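Peer 1: Output the structure for:
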Amino acid sequence: MATVEELIPIKPKPATGWDVERIRKDFPVLRQTVNGKPLVYLDNAASSQVPMMVIERGAQYIEQEHSNIHRGVHYLSMKATTAYEGAREKVKRFINAREAKECIFVRGATEGINLVMHGYGRKFIGAGDEIIISAMEHHANIVPWQMLCEEKSAKLRVIPMNDDGELLMDEYDALLNEKTKFVAVTQASNALGTINPVKEIIERAHKYGVPVLIDGAQQAPHGRIDVQDLDCDFYTFSGHKMFAPTGSGVVFGKARLLDTMNPFQGGGDMIKSVTFEKTTYADLPNKFEAGTPAIASQIGLGAAIDYLNIIGREKAAAYEHELLVYATQRLSAIEGVRIIGTAREKLSVLSFTIDNVHPHDIGTILDQQGIAIRAGHHCAQPVMQRFKIPATARASFAFYNTKAEVDVLAEAIEKVIEVFA
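Peer 2: The predicted structure follows:
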């Protein structure tokens, strides 16, 4: 059995100068009580909360700028278009894309993956070809590729992981071959917190000329993203996990690949011309943005990027890792608690089980104490099967959480154990 020290992730650099109490004032939702207790929100891997700065920007659009974009020549339409495309420029800088047109707005990472599957996969992957994913993928990065394999008579191959929740890179090397036509892996596991060596994964795939999609839904809120440095071919993330409204998100693709792909949907704004004989598609990024988009949500995503830049992403990530280390220490010391996912490189996700207590019961009792965690399979059922468990309880931290809240969590877990003893 691993020691407490072995369970604790690599110690981070101290988050000097992080004023968490000031940060918390930016998030009005944190001021409420639940079941008579102060809210302790530890479900950030599912959806993070939204700061006032983002809320106000969305309200400004609805109150003063609401109009459809691109097609109008009147004042409000031009103003809304400027705000919407301004958000795209912010995304470009946030992920260090070469061009703004490589950043396609989608409703979230799930839609981004499906866009790539339909636009690239259905065009370029055929019978006998192989697609590689990992054993720790969210269902959103499993099901679309299964659908494609079934349609095209292709084969899905899976990179296994060890008992700590780390990918076996030698096994990945063994999977790569001339039949491999696509690789799709998560940068960080939503169920385990594991940070994968995606740059290395990309480099090895590119030796075979194989394009790679990175699911960055968990990484985007917590760390630096540089798609040029990674040299990934596609990268997708959701806004609602990085302090933006739901219905916002991005899929990045290298322009040369996006140009060759088929559109995901047909309709308004993704065309240059339409006759009953032929449709000519619009240039990037409009080619992949059919119909009226979630304008307010994507403008809100731009505001969330502004907020992260203001507070300092690196300092926020360092503070979150301090919380992870502290929570790992606290929970590891409780008899009967088992931490699932003990990789040395982790994001601020802590999944655990308690002997003889179902995670749903853990979540219910914690909710009575005002603590919001996630309980279930986390849309990662193969991960649960790998660890031979039905589900886990998952506490996931953001930069507005505190060590005092970790203490409340640990005390509530001890009460759960008392109840079921």
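Peer 1: Leu156 sits in which helix or strand?
Peer 2: strand 155-159 (DSSP states H and E).
Peer 1: Show me which residues of the helix or strand just after that strand are buried.
Peer 2: Per DSSP H and E, strand 155-159 leads on to helix 169-175 as the next helix or strand towards the C-terminus. Using 16 or more other Cβ atoms under 10 Å as the test for burial, helix 169-175 gives Tyr172. All C-beta atoms are positioned from the backbone trio N, CA, C, and that covers glycine.
Peer 1: Show me what helix 169-175 is packed against.
Peer 2: strand 130-134, strand 155-159, helix 198-206 (3 or more Cβ pairs under 8 Å, 6 or more residues apart in numbering; DSSP states H and E).
Peer 1: Out of those, which is the most enclosed?
Peer 2: strand 130-134 (a mean of 23; mean count of other Cβ atoms under 10 Å).
Peer 1: Against which helices or strands is that strand packed?
Peer 2: helix 143-152, strand 155-159, helix 169-175, strand 180-186.
Peer 1: quick one: pLDDT of Pro14?
Peer 2: Listed pLDDT for Pro14 reads 53.
Peer 1: Who are the contact partners of the residue lying closest to Val251 once chain neighbours are set aside?
Peer 2: Counting by Cβ to Cβ, 6 or more residues apart in numbering, Gly112 is the residue found nearest to Val251 once chain neighbours are left out, at 3.2 Å. By Cβ atoms under 8 Å, 6 or more residues apart in numbering, the contact list for Gly112 reads Ile104, Val106, Phe234, Thr236, Phe237, Gly249, Val250, Val251.
Peer 1: so Gly112 sits in a helix?
Peer 2: Yes: applying DSSP: H, G, I helix; E, B strand; the rest coil, one finds Gly112 inside a helix.
Peer 1: before we move on, the earlier item: any idea of the mean pLDDT in the strand holding Leu156?
Peer 2: So the average pLDDT for strand 155-159 ends up being 98.
Peer 1: Excluding chain neighbours, what is closest to the residue nearest to the spatial centre of the chain?
Peer 2: The residue lying closest to the centre of the chain (Cα atoms, centre = their mean) is Ala217, at 1.2 Å. In space, and not counting its chain neighbours, Ala217 is closest to Ala109: 4.1 Å by Cβ to Cβ, 6+ apart.
Peer 1: Now do the same contact list for that neighbour.
Peer 2: Ala140, Asp215, Gly216, Ala217, Thr236, Phe237, Ser238, Gly249, Val251.
Peer 1: if you set the cut-off to 10 Å instead, what comes out?
Peer 2: In this structure, Ala109 makes contact with 138, 140-141, 186, 215-218, 220, 235-241, 249-251, judged by Cβ atoms under 10 Å, 6 or more residues apart in numbering.
Peer 1: taking these one by one, which sit in strands?
Peer 2: By the criterion of DSSP state E, membership of the contacts of Ala109 in strands covers Thr186, Asp215, Tyr235, Thr236, Phe237, Ser238, Gly249, Val250, Val251.
Peer 1: can you put these in JSON lines and add pLDDT, neighbour count and distance to Leu30?
Peer 2: Below are the ones in strands among the contacts of Ala109 laid out as JSON lines (pLDDT from 0 to 100; neighbours: other Cβ atoms under 10 Å; distance: Cβ to Cβ, whole Å):
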{"residue": "Thr186", "pLDDT": "98", "neighbour count": "29", "distance to Leu30": "28"}
{"residue": "Asp215", "pLDDT": "98", "neighbour count": "31", "distance to Leu30": "28"}
{"residue": "Tyr235", "pLDDT": "98", "neighbour count": "29", "distance to Leu30": "30"}
{"residue": "Thr236", "pLDDT": "98", "neighbour count": "30", "distance to Leu30": "28"}
{"residue": "Phe237", "pLDDT": "98", "neighbour count": "29", "distance to Leu30": "23"}
{"residue": "Ser238", "pLDDT": "98", "neighbour count": "29", "distance to Leu30": "21"}
{"residue": "Gly249", "pLDDT": "98", "neighbour count": "29", "distance to Leu30": "24"}
{"residue": "Val250", "pLDDT": "98", "neighbour count": "29", "distance to Leu30": "26"}
{"residue": "Val251", "pLDDT": "98", "neighbour count": "28", "distance to Leu30": "31"}
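Peer 1: Most widely separated two among those residues?
Peer 2: Pairwise distances across these peak at 15.9 Å for Thr186 and Val250 (criterion: Cβ to Cβ).
Peer 1: Next, count neighbours for His70.
Peer 2: Residues near His70, counting by other Cβ atoms under 10 Å, number 17.
Peer 1: Pretty sure it sits against Ala290.
Peer 2: No: at 11.9 Å, His70 does not count as touching Ala290 under the criterion of Cβ atoms under 10 Å.
Peer 1: joint contacts of these two?
Peer 2: Gly268, Asp269, Ala282.
Peer 1: Kindly provide the distance from the first one to Ala282.
Peer 2: Gly268 sits at a distance of 10 Å from Ala282 (criterion: Cβ to Cβ, to the nearest Å).
Peer 1: Out of those two, name the residue with the larger neighbour count.
Peer 2: Ala282 (18 against 14).
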